[in-house]
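Undergrad: pasting the structure only:
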């Protein structure tokens, strides 16, 4: 028998949406790789089988880190008897800071205030107390309420890329209301599951033409629905994290947890980037976003900012550009930022692509510094002092990724998201000081290191993990993506 309050819980108690999304994605990948989709052989698994599969998928990130990390030199494996310890070769203080800054994306407090209110739907569910199979006769207005609520929520969130960015058969502006629609009907399905947990309410599933019809019902003037469904439909070579429409036994399933972690833009851009025909155009759009570094840094009093400053060889041949150059003329100090803006990471391979972009940026800086030392000309604006008169700090700047690898390179890395949290400052010199002296989270104060243990067969696996301590630090609530912060 359904209890009405269970419908109203919505997502109470589900605090780590990304963890649930990763576990769901892993189960989907295993099902498609090893499962049998034949309707004649389909059987409902026992609870023991479900529990075993879920527990393995929940803990598999440690194995994934071990398998992929060893190949890439990112982890250290320590074996002793039947025990295996997986220790990432990374700085936990930087990882802890990254966890805090990620809340700018995932702590979606604005979702609770966006209209229309879901209160009328909650009132309806309260009136169903004691009834069974409520999910079979949901009034259309409730579905419309959930859809409009989430469409408005997705639309008011800040998207980095412009609405006219081509994703291959559709533009970002086409995808935004469709993502909102999927989130709305998926959110409603999860609400129904909370009220009546069963296999029939666990996931939203329908045939392809029914999904297209539903999307058209709520988006009658959108001509990109077919392209949207194709782009977000899972198949080998794609990740469920960026392709959350899952084909299974002739139907399309949309698991709630793949739609719930507040990373809609990351999902859409990753889906588009998986298509070689659109990846190049998308890369150009992301590259143009590097100008946001200049926009933010221009807010510093007394600062001069130049972009794409040419570096010329003695024969006047261009040998490169300085992406962002920031000058504090009074203090004779400055910043030079080699800006990189790859798509935000969702998986380990995504993170390593970020690190590859960072390494490329470091190499570019080393090459240009050497050329300048050997006499290359830096074409600064005419009213700026000579390049050699300024004490320059060189950085690789990403959008949001902080490089936590344990290394000691000559070129530091930071992110625009981090720099924004250090603003306002009174001068470029103060910003440089904050960047070099920032008190990163400390073990025993803001976080502790634990060993998560689980068994696979006869082997006990231990994986180092970070536990944030209470009260957990958090960026200011007003500095979120919805208000234009990176």
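TA: Perfect, thanks for sending it. A quick note: this is a predicted structure, and the numbers were derived from the prediction, not measured.

Undergrad: For residue 186, give me its contacts.
TA: Remark: with contacts taken as C-beta atoms under 8 Å, 6 or more residues apart in numbering, residue 186 is in contact with 204, 254, 255, 256, 259, 260. Yep, even glycine has a C-beta here, placed from its N, CA and C like the rest.

Undergrad: mind redoing it with 10 Å?
TA: Applying C-beta atoms under 10 Å, 6 or more residues apart in numbering, we find residue 186 in contact with 146, 150, 203, 204, 244, 254, 255, 256, 257, 258, 259, 260.

Undergrad: Residue 459 now?
TA: By C-beta under 10 Å, 6+ apart, the contact set of residue 459 is 79, 81, 82, 83, 84.

Undergrad: so the third one touches residue 455, yeah?
TA: It refers to residue 82. Yes: taking contacts as C-beta atoms under 10 Å, residue 82 lies within contact range of residue 455: 9.2 Å.

Undergrad: Put the buried members of the contacts of residue 186 into a ChimeraX selection.
TA: A single ChimeraX command selects the buried members of the contacts of residue 186 (16 or more other C-beta atoms under 10 Å):
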select :146,150,203,204,244,254,255,256,257,258,259,260
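
Undergrad: Could you dump the contacts of residue 186 into a markdown table and include pLDDT and distance to residue 226?
TA: Output for the contacts of residue 186, formatted as a markdown table (pLDDT from 0 to 100; distance: C-beta to C-beta, whole Å):
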| residue | pLDDT | distance to residue 226 |
| --- | --- | --- |
| 146 | 94 | 23 |
| 150 | 91 | 21 |
| 203 | 81 | 22 |
| 204 | 82 | 19 |
| 244 | 92 | 17 |
| 254 | 92 | 16 |
| 255 | 90 | 22 |
| 256 | 88 | 24 |
| 257 | 88 | 26 |
| 258 | 88 | 21 |
| 259 | 84 | 20 |
| 260 | 71 | 25 |
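
Undergrad: Let's see which of the contacts of residue 186 end up in strands.
TA: 204, 254 (DSSP state E).

Undergrad: Mind checking which of the contacts of residue 459 are in strands?
TA: Assigned to strands by DSSP E, the following of these qualify: 79, 83, 84.

Undergrad: most surrounded residue in those?
TA: Comparing these by number of neighbours (other C-beta atoms under 10 Å), residue 84 comes first, having 18 neighbours.

Undergrad: Can you give me the neighbour number for the residue lying closest to that one once chain neighbours are set aside?
TA: Nearest in space to residue 84, with sequence neighbours left out and distances taken as C-beta to C-beta, 6 or more residues apart in numbering, is residue 461 at 5.2 Å. Burial of residue 461 is recorded as 19 neighbouring residues (other C-beta under 10 Å).

Undergrad: circling back to that earlier point, please produce TSV containing the ones in strands among the contacts of residue 459, extended by distance to residue 367.
TA: Listed next are the ones in strands among the contacts of residue 459 as TSV, based on distance: C-beta to C-beta, whole Å:
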residue	distance to residue 367
79	41
83	46
84	41
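
Undergrad: Return the closest of these with respect to residue 192.
TA: residue 84 (41.2 Å; C-beta to C-beta).

Undergrad: returning to what we had before: which among the contacts of residue 186 gets closest to residue 192?
TA: Proximity of the contacts of residue 186 to residue 192, judged by C-beta to C-beta, is greatest for residue 204, which lies at 9.3 Å.

Undergrad: Identify the residues contacting that closest one.
TA: 182, 185-190, 192-193, 211, 214, 251-256, 259.

Undergrad: I'd like the distance between residue 137 and residue 131.
TA: 10 Å (C-beta to C-beta, to the nearest Å).

Undergrad: Next: residue 70.
TA: Relative to residue 131, and taking C-beta to C-beta, residue 70 is found at 54 Å.

Undergrad: quick revisit: between residue 137 and residue 131, which has more neighbouring residues?
TA: Between residue 137 and residue 131, counted using other C-beta under 10 Å, the more crowded position is residue 131 (13 against 8).

Undergrad: in which helix or strand would I find that one?
TA: Counting by DSSP states H and E, there is no helix or strand that carries residue 131.

Undergrad: returning to what we had before: can you list the contacts of residue 186 in a markdown table and add distance to residue 448?
TA: Shown next, in a markdown table, are these (distance: C-beta to C-beta, whole Å):
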| residue | distance to residue 448 |
| --- | --- |
| 146 | 39 |
| 150 | 36 |
| 203 | 36 |
| 204 | 38 |
| 244 | 33 |
| 254 | 37 |
| 255 | 32 |
| 256 | 31 |
| 257 | 27 |
| 258 | 30 |
| 259 | 32 |
| 260 | 27 |
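
Undergrad: what stretches of the chain score poorly on pLDDT?
TA: 1-16, 38-43, 106-113, 261-263, 271-287, 408, 482 (pLDDT under 70).
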